[in-house]
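*Asks:* Dropping a prediction and its sequence here:
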Amino acid sequence: VEFARWLSEVEVRLPPASAGSQHGGAAGHPVDDVEDLRDQLERAATAFVGAGSPATGPEGAALPVVISKRVLGLHSRCEGAAVAALAGESEVVPDWPVLRGRALDRFVAHQIFRGAPDEPVGDLLAMLRAGDESETAVALEEALDPPRNEELAALAAAAGALRACTGRAPRVEVSVGAELADGDVRLPGRVDVLLGGPGTGFPATVVEVKSAGSGHTYAHAEELRHYALLCALRHGGPPAAMALWYADGTTVPLLVEGAATAAARRVLDVLHALGEVRDGRPPALQPGGQCRWCSHATRCPAAGSDIGGSGEPTALSVDDQDLWWGREHGEDL
Amino acid sequence: VSWTRADVVRRWAGEVRAAVGRARSASESSAGAPAQPLKLTAHMVADPCPARACAPSAQEFPGESARLAARRVALAGLAFHRGTPHERVRAALHSGERLDGSLVDWLGGLTPSATVAVEAAALGWAVDAVALGAGLDEPVWSTDGLRWRDRAASLELRASFDARRGAPGRHRLLVLRPRPGPRDDEAARFVALVYALACGEVPERVTFGYRGPLTHRAFATGPEDLAAAVADVGRIEPSLRGGDAPTVAGPWCGRCPRLEGCPEGQVAMSERRTAWEAVLPARPAGGPAQSAVESPAADLSSATGVEPTM
């Protein structure tokens, strides 16, 4: 689906701004019961930390448990890797896939707010330096060579598709995290492009920008549903529409109805499972591609042979973009 | 009893002077009013770690950036321009009107592309502000900081709020924050105290609006709350001035800019790491890796159809 066409079709379906609705399903479709989801998540999180916080600081204060989308994604692959991610201290190297992803995010912002960049690489570096991303700028400069310059120019041009967002109350890189159990459990998140939403008078539409190929759509769809949940908790209702947009020009619209409920169920399952692990059940281990990024891999009895390997960018490695962004912006992602 | 503005200022200024005087008397390290005025902010008073609170701000904020500029640009747009949040931010950014000099200088040195980073950050702030400020009556957005200075005590109290509602004498203040903090009640009552000292009026209420979850929390501002704020000032002032503020480690250490040189903070952070790592099985030293462990999660992994990533 072409992005501009999808967006115009979405606009036709949405209620007018004057209707006052800033979120939530098209007419005739069931709407996720956000308050019920919030209640379920709150109860699960409270039970999770109430049964004994997994870690406390010197003053006895609970250290927040950060259930990031990385933890959620890892948990479905290997519970041990998810626990290792919970332990934190993820080493994120700003390799080319990470830098490429950050570049695409910046190009999208440029296209939406100012149009096509005149000099993609120079403009990108200027944006990064002004936008609290000096480490990324340095790493990018070191990584650049003529083929990569061309790659970035192609990304900048591809991001032009997102100019269709202009005039639809767009924002980029919007933090939509939720806090549960008085902040002891956090669900961080950052939406790449958010159109409308509270404060704009327009219904919310979520667009997740992906620099990787569209071959990882299943994992990306789970991410997007997770964002639908976070938006629902934040806005009081799920987004009106959402889609994955890939730099190869592919737009993958996803159903909004039921997305927040499915994502909440995943969070509830993970909270329940992590509670069992915290209480003594051995974590389930499953070797695989995730071992390459797992901080526990060198000590893990089940680690596969992929430790330290290299290969094509995957859904997991692309997650590193968010980890890297979070490191530069002081947020857990 | 009808209080004039002067009465309000006189009362709370007297309370602050007395509290600071008592604290200094009890402190062995200081005698009389120090020469250098101490600037106390809401962030310092409510910081759970006094050592971090008294760290030079330049250490945490080395210069202008899109993140620091976002609030000021957004507020200037909301306060002095009309239209949608997008139009107001863009007008403030491109006119430069009502922005402080250092910010205008910094913006003037940016390329048009670099300005996009500022515009995007300011827009995010402005839209959240409008969403959090939505209510029955339009808030009056404010770019003015609050400041009360007492030369005799060599003390300056500073605070800020982002919007105000209500008629004079019944003002309600809105303060935007990124997310809820562990000592927001102390920060809120400090804002109320400084407002009383600077404006001669105790606000009817101080509400914190949290941008992350897009929620509010209202704080009472009765006489007992302001008295508690005065006590906070008296409690923290000597240690901040003496440079011997204790380090209190906790969850807040994770993103502290001083973490690298703070042993207490590093211990706090390693608590989380070691606690979770303790539940992970480890193979014996030198032992071979085993094949996949049969487990419910392994079944779950295949049952949910997770595609292999490699």
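*Replies:* Yep, that arrived.
*Asks:* From what I see, A:Arg225 and A:Arg265 are in contact.
*Replies:* No - taking Cβ atoms under 8 Å as the definition, A:Arg225 is not a contact partner of A:Arg265, at 10.0 Å. In short, each C-beta sits where N, CA and C put it, glycine included.
*Asks:* More neighbours: these two, which one.
*Replies:* The neighbour comparison of A:Arg225 against A:Arg265 (other Cβ atoms under 10 Å in any protein chain shown) goes to A:Arg225, with 22 against 13.
*Asks:* what's near enough to touch the more buried one?
*Replies:* A:Leu254, A:Ala259, A:Ala260, A:Ala262, A:Ala263 (Cβ atoms under 8 Å, 6 or more residues apart in numbering or on different chains).
*Asks:* which SSE is it in?
*Replies:* Assigned by DSSP states H and E, A:Arg225 belongs to helix A:217-235.
*Asks:* just checking, what packs against the helix or strand just after that helix?
*Replies:* With elements assigned by DSSP H and E, the helix or strand that comes after helix A:217-235 is strand A:241-246. With contacts taken as 3 or more Cβ pairs under 8 Å, 6 or more residues apart in numbering or on different chains; DSSP states H and E, strand A:241-246 sits against helix A:3-13, strand A:202-210, helix A:217-235, strand A:251-254.
*Asks:* Redo these as JSON lines? Include distance to A:Pro170.
*Replies:* Shown next, in JSON lines, are these (distance: least, Cβ to Cβ, whole Å):
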{"stretch": "helix A:3-13", "distance to A:Pro170": "11"}
{"stretch": "strand A:202-210", "distance to A:Pro170": "9"}
{"stretch": "helix A:217-235", "distance to A:Pro170": "15"}
{"stretch": "strand A:251-254", "distance to A:Pro170": "16"}
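*Asks:* Which one of the ones you listed lies nearest to B:Thr41?
*Replies:* helix A:217-235 (28.2 Å; Cβ to Cβ).
*Asks:* Dump stretch B:87-105 to CSV, restricted to CA.
*Replies:* Extracted in CSV, the C-alpha atoms of stretch B:87-105 (Å, rounded to 0.1, in the frame of the first residue of the first chain):
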residue,chain,number,x,y,z
GLU,B,87,1.5,27.2,14.2
ARG,B,88,2.3,28.7,17.6
VAL,B,89,5.6,26.8,17.9
ARG,B,90,6.6,27.7,14.4
ALA,B,91,5.7,31.4,15.0
ALA,B,92,7.8,31.5,18.2
LEU,B,93,10.7,29.8,16.7
HIS,B,94,10.9,31.9,13.5
SER,B,95,10.0,35.3,15.1
GLY,B,96,12.3,34.8,18.0
GLU,B,97,10.0,37.2,20.0
ARG,B,98,9.9,36.8,23.7
LEU,B,99,12.7,34.2,23.7
ASP,B,100,15.7,34.9,26.0
GLY,B,101,18.9,36.3,24.5
SER,B,102,21.1,33.2,24.9
LEU,B,103,18.4,31.0,23.2
VAL,B,104,18.0,33.5,20.3
ASP,B,105,21.7,33.5,19.8
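*Asks:* now that stretch: how far from the chain's centre is it?
*Replies:* 23 Å (Cα atoms, centre = their mean, to the nearest Å).
*Asks:* Just send the contacts of A:Arg225 back as JSON lines, with pLDDT and secondary structure too.
*Replies:* Shown next, in JSON lines, are those (pLDDT from 0 to 100; DSSP: H, G, I helix; E, B strand; the rest coil):
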{"residue": "A:Leu254", "pLDDT": "95", "secondary structure": "strand"}
{"residue": "A:Ala259", "pLDDT": "96", "secondary structure": "helix"}
{"residue": "A:Ala260", "pLDDT": "96", "secondary structure": "helix"}
{"residue": "A:Ala262", "pLDDT": "96", "secondary structure": "helix"}
{"residue": "A:Ala263", "pLDDT": "97", "secondary structure": "helix"}
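*Asks:* Closest to A:Lys69 out of those residues?
*Replies:* A:Ala263 (9.8 Å).
*Asks:* what about the closest one, neighbour count?
*Replies:* Counted with other Cβ under 10 Å, A:Ala263 comes out at 26.
*Asks:* From what I see, it and A:Glu223 are in contact.
*Replies:* No - the criterion here is Cβ under 8 Å, and A:Ala263 misses it with A:Glu223 at 9.2 Å.
*Asks:* Enumerate the beta-bridge partners assigned to B:Arg217.
*Replies:* Counting by DSSP bridges, B:Arg217 forms beta bridges with B:Phe208.
*Asks:* which residues touch it?
*Replies:* Taking Cβ under 8 Å, 6+ apart, one finds B:Pro180, B:Asp184, B:Thr207, B:Phe208, B:Tyr210 in contact with B:Arg217.
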